[in-house]
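Trainee: One predicted model, sequence on top.
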Amino acid sequence: MRAAEPIASGHVERAGIRLGYEVFGNGDTTILLLPTWTIIHSRFWKMQVPYLARRYRVITYDGPGNGRSDRTTDPERYWAEEYAKDAAAVLDACDVDRAVLMGLSLGAKYGARFAWMFPERTLGLVMIGPTLNLGIVLPERQAVFERLFEPAVDDPEGWEKYNVAYWHTDYPDFAEFFFAQCFPEPHSTKPREDAVEWAAETGPEVLEAESRSSESEPGDADVLAGLTCPVLVIHGTRDRIAPNTAGEEAGRLTGGTLASLTGSGHFPHVRDPVKVNLLLREFVERVTW
């Protein structure tokens with residue numbers, strides 16, 4: 001049983017892919033909670049939906065490749081522009097003109113692209129632990145990207161497991177490792193288990209396709225600098241996926257507000273939901289006043 005049940009659900013088809021969405025609450029303001037990396041689906045917002053739906057209309061949906069949406073191995077279907085168009089299609093299906101967008105990790109990239117492409121439909125944008133191409137990478141992850149499509153090393157350790165060939169060899173072990181990095185906080189066993197379980201609903205073929213997606217300009221820095229909507233960046237100081245300095249840069253480029261959460265990892269909305277939910281509510285109230 002879920003803490004909040006949807007008042008409506010359905011699918012919308014765009015560019016040959018059926019996207020599953022759910023609607024919670026009946027508020028005048030709509031919040032669109034965006035998908036993140038395809039390794040997990042929209043249930044990663046489960047600590048936000050019940051709280052936000054008391055005051056607002058909240059829409060979640062699964063991106064292509066996981067959850068209630070179709071799987072695809074077409075790399076172009078995972079471009080940020082495609083995610084932005086998917087978000088617009090979901091809003092259209094729910095008869096929503098404008099919304100506050102919220103995105104985690106890669107979802108922040110998709111939210112920024114939506115706000116850049118559809119400024120008239122964006123009331124505000126929240127980016128949590130934004131994973132963006134700003135030239136700011138944790139040193140231990142730099143070599144990972146360079147070896148992503150190379151053969152897997154024998155007995156990989158640590159970030160060596162972030163490798164397409166290894167995903168096909170031992171996907172469950174990779175998922176266990178990756179979500180341990182997402183949740184460095186003590187007593188994170190349950191959220192890690194949830195994420196690993198959700199990861200089992202997709203697979204290495206989908207993640208490989210998404211990793212091979214290579215989109216043309218504009219780059220993330222240009223997109224962020226071109227945003228005109230209010231922006232809130234929330235970033236944990238112990239984030240092992242996207243460095244806190246990347247969040248600082250995202251705030252600077254957008255002229256937005258940065259909330260640094262001391263001791264939090266990549267999923268602060270899960271490990272410190274009360275603090276994050278209050279930040280989200282305060283932002284929504286500010287941009288819709």
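Mentor: Yes, it's here. Numbering: from 1, shown residues only.
Trainee: which helices and strands does the helix or strand where K275 lies pack with?
Mentor: Following DSSP states H and E, the helix or strand that holds K275 is helix 273-287. Packed against helix 273-287 by the contact rule (3 or more C-beta pairs under 8 Å, 6 or more residues apart in numbering; DSSP states H and E) you find helix 49-52, strand 99-104, strand 122-128, strand 231-236, strand 257-261, helix 268-271. C-betas here are computed from N, CA, C, even on glycine.
Trainee: residues making contact with the last one?
Mentor: If you take C-beta atoms under 8 Å, 6 or more residues apart in numbering as the criterion, helix 268-271 is touched by 44-45, 47-48, 104, 128-129, 183, 185, 188, 191, 234-236, 261, 264-265, 275-277.
Trainee: Check the offset of it from the chain's centre.
Mentor: In this view, helix 268-271 has its centroid 13 Å away from the chain centroid, taken as C-alpha atoms, centre = their mean, to the nearest Å.
Trainee: got it, and the third one?
Mentor: Between the centre of strand 122-128 and the centre of its chain there are 12 Å (C-alpha atoms, centre = their mean).
Trainee: helices or strands next to it in the packing?
Mentor: Applying 3+ C-beta pairs under 8 Å, 6+ apart, one finds that strand 122-128 makes contact with strand 99-104, helix 106-117, strand 231-236, helix 244-254, helix 273-287.
Trainee: angle of it against helix 273-287?
Mentor: Direction vectors for strand 122-128 and helix 273-287, defined by axes from the mean of the first three to the mean of the last three C-alpha atoms, to 10 degrees, enclose an angle of 160 degrees.
Trainee: Strand 122-128 vs strand 99-104, what angle?
Mentor: Calculated by the same axes, to 10 degrees, strand 122-128 forms an angle of 10 degrees with strand 99-104.
Trainee: need the next SSE after strand 122-128, C-terminal direction.
Mentor: Proceeding C-terminally, strand 122-128 gives way to helix 139-146 as the next helix or strand, assigned by DSSP H and E.
Trainee: which parts of that following helix are buried?
Mentor: When burial is assessed from 16 or more other C-beta atoms under 10 Å, helix 139-146 yields the following buried residues: V144.
Trainee: residues in contact with the helix holding K275?
Mentor: Under the contact criterion C-beta under 8 Å, 6+ apart, helix 273-287 has outside partners 29, 31, 47-48, 51-52, 55-56, 100, 102, 123-124, 126, 128, 229-230, 232, 234, 257, 259, 261, 268-269.
Trainee: Do me a favour and get the end-to-end distance for stretch 142-153?
Mentor: As for stretch 142-153, its first-to-last residue distance stands at 16 Å under the measure C-alpha to C-alpha, to the nearest Å.
Trainee: Number of residues surrounding the closest residue to D97 other than its chain neighbours?
Mentor: With C-beta to C-beta, 6 or more residues apart in numbering as the measure, R121 is the residue that lies nearest to D97, at 6.5 Å, once sequence neighbours are left out. One way to gauge burial is a neighbour count; for R121, by other C-beta atoms under 10 Å, it gives 19.
Trainee: any idea how far V206 is from R121?
Mentor: Computed as C-beta to C-beta, to the nearest Å, the R121 to V206 distance reads 28 Å.
Trainee: again, but for R55
Mentor: 35 Å.
Trainee: ok, those two, which is more surrounded?
Mentor: V206 (20 against 16).
Trainee: What sits closest to the more buried one if chain neighbours are left out?
Mentor: With C-beta to C-beta, 6+ apart as the criterion, V206 has its nearest non-adjacent residue at 4.1 Å, and that residue is G65.
Trainee: Wait, a helix at that neighbour?
Mentor: No: going by DSSP: H, G, I helix; E, B strand; the rest coil, the assignment for G65 is coil, not a helix.
Trainee: so how far is Y78 from it?
Mentor: From G65 to Y78 the distance is 7 Å (C-beta to C-beta).
Trainee: Overlap of the contact sets of the two?
Mentor: Residues within reach of G65 and of Y78 at once, by C-beta under 8 Å, 6+ apart, are 38, 209-210.
Trainee: need these in TSV with distance to D220 and pLDDT, can you?
Mentor: Formatted as TSV, these follow (distance: C-beta to C-beta, whole Å; pLDDT from 0 to 100):
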residue	distance to D220	pLDDT
T38	19	96
A209	21	96
E210	16	94
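Trainee: can you pick the most crowded of those residues?
Mentor: Per-residue neighbour counts (other C-beta under 10 Å) across the shared contacts of G65 and Y78 peak at T38, which has 26 neighbours.
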